[in-house]
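# one predicted model, sequence on top.
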Amino acid sequence: MLPKKFKPDGLYDLVRLGKNNDGGYLVCKNSIEVSDCLISFGINDDFSFEENFKNKKNIPIFAYDSTSTNIFFLKKILINILKIKLKNLFKSIYNFIKFKIFFNNKSNFFFKNKIGKGGDGGSVYISIEEAIKKTNNAKSIFFKIDIEGSEYRILDDIIKYRDHLSAITIEFHDADIHQDKIVKFINNINLTLVHIHANNYSGYGNYNVPAALEFSFSKNPKMLNRNLSLPHLFDQKNNPDSPDLELSFIK
């Protein structure tokens, strides 16, 4: 059973951004319209969310992922060559070219930066404050956050700069053991929870709670009605070959 705070209070006007299955998220349509820029923490090799966002509204995108280097892409290409997987090889090469074209402005993609505090292995960490400054202190920023468990390190800083935010899409990993931290974040972020979805790649954790949960928040969402139904019509299973994870909430 999930905390009541995890449940949106109605059905909102949502749109899906990103590719089918894993990598796509439901966000409030109004949040796209009012945003001045998008800051994405966590890209890897999938920039379909950012690409769809840009098609909806052509605003600056600032992306951070210390793993998305040329070497990272070239390793994937080399692996497919060695395994003689021509279909995957062509796909990897095509994706690499598209990635370089999409993030053609080096001032907008920071592969040497990791978001958070501290440092390790030569990686340079950038704070939420510094990331916002790079946008010229934009007042209506959309955050997309998928940083594989490190999200808990930056929650307090996100709350600190909540007045700069129009919306947040965030994946919480190990959500089954961090429910209190997520509830605290929901209580303090000053944004409306508009959607929740369970990532079925991670399965269930403790207490039969999904181990990975995707949340979408919006500053000024448009509610369609109070009849919430989950999964949403636009939701897709992250792993198409596994069953969906059920969400049940404490009343």
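Arrived safely, thanks for sending.

# how about the helix or strand hosting residue 26 as PDB, C-alpha atoms only?
Using DSSP states H and E, residue 26 falls within strand 25-28. C-alpha atoms of strand 25-28 as PDB (Å, rounded to 0.1, in the frame of the first residue of the first chain):
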ATOM      1  CA  TYR A  25       6.900  10.000 -19.200                       C
ATOM      2  CA  LEU A  26       3.400  11.600 -18.700                       C
ATOM      3  CA  VAL A  27       3.600  15.400 -18.000                       C
ATOM      4  CA  CYS A  28       1.100  18.200 -17.700                       C
END
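
# doesn't residue 15 fall inside a helix?
No. Applying DSSP: H, G, I helix; E, B strand; the rest coil, one finds residue 15 to be strand, outside a helix.

# contacting residues around it?
26-29, 32, 56, 234 (Cβ atoms under 8 Å, 6 or more residues apart in numbering). Bear in mind the C-beta positions are built from the backbone N, C-alpha and C, glycine included.

# so which of the residues you listed comes closest to residue 247?
residue 26 (13.7 Å; Cβ to Cβ).

# rewinding a little: format the contacts of residue 15 as a markdown table; extra columns: pLDDT.
As requested, these are exported to a markdown table (pLDDT from 0 to 100):
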| residue | pLDDT |
| --- | --- |
| 26 | 98 |
| 27 | 98 |
| 28 | 97 |
| 29 | 95 |
| 32 | 97 |
| 56 | 96 |
| 234 | 97 |
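
# quick one, helices of this protein?
29-34, 48-56, 70-82, 86-102, 128-133, 155-160, 179-188 (DSSP state H).

# what's the closest of those to residue 222?
Closest among these, using Cβ to Cβ: helix 29-34, at 5.2 Å.

# any residues touching the closest one, and which ones?
Residues outside helix 29-34 that contact it (Cβ under 8 Å, 6+ apart): 13-15, 17, 53, 56-57, 140, 142, 166-167, 218-222.
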